[in-house]
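Sequence and predicted structure, then a few things I'm wondering about:
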Amino acid sequence: MLGILVASYLTLYKVGAIAELVCRTGSCETVQLSRWATFLGLPVAAWGIVFYVVLLALALTGLQSRFIDSRAVSMALVVWTGWGVLFSAWLTYLELFVIDAICQWCVVSAVLVVIAFVFSALDLRTRPALPAT
């Protein structure tokens, strides 16, 4: 839920619904106004909303009684959050070495993705392995 809020805040800024970002550290506006803040025609933050909504849906699916012991849902969470970690790492690289500015909200999002990945990986480890064929 926190990821959805952060991504929504950044998206609202990018589409002009918010005039100024509150950013105590770094250069959030520099990052958000760079050419790298758009991916496939949409703000990167909007993709973040999609990412976090799918993550929430997968997590809630895993809480349903018929999926509570599902290795497939756990694996889907690891794959989804792993992709998120890779994309966040790419964006962080761009901030540090191409844009030369750091957005604190982007860092918060990246940390949330890493935390989600770690918890997903730990959850997958508790699932019994699939039988060998």
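Received, thanks. Numbering: from 1, shown residues only.

C-alpha from now on. contacts and neighbour counts both.
Will do.

where are the low-confidence patches of the protein?
26, 130-133 (pLDDT under 70).

can you rerun that using 50?
Within the chain, no stretch has pLDDT under 50.

which residues of it fall in strands?
According to DSSP state E, the chain carries its strands in the segments 38-39, 42-43.

which one of those strands has the most crowded surroundings?
When you average the neighbours per residue for each of these (mean count of other Cα atoms under 10 Å), strand 42-43 leads with a mean of 17.

shouldn't R71 be in contact with L124?
Yes. Judged on Cα atoms under 8 Å, R71 makes contact with L124 at a distance of 6.8 Å.

picking up where we left off before, for D100, which of the strands of the chain is the nearest?
The closest approach between D100 and any of the strands of the chain, judged by Cα to Cα, belongs to strand 38-39 at 16.8 Å.

starting at the chain centroid, how far to that closest one?
Here the centre of strand 38-39 is set off from its chain's centre by 15 Å, with Cα atoms, centre = their mean, to the nearest Å.

residues contacting the closest residue to S34 other than its chain neighbours?
The shortest distance from S34 to any non-neighbouring residue, by Cα to Cα, 6 or more residues apart in numbering, is to I99 (7.2 Å). By Cα atoms under 8 Å, 6 or more residues apart in numbering, I99 lies in contact with T30, V31, S34.

What of A19?
A19 is in contact with Y13, counting by Cα under 8 Å, 6+ apart.

same thing but 10 Å
Going by Cα atoms under 10 Å, 6 or more residues apart in numbering, A19 touches L12, Y13.

ok, now S70?
Neighbours of S70 in contact, by Cα under 10 Å, 6+ apart: T61, G62, L63, Q64, L124, R127, P128.
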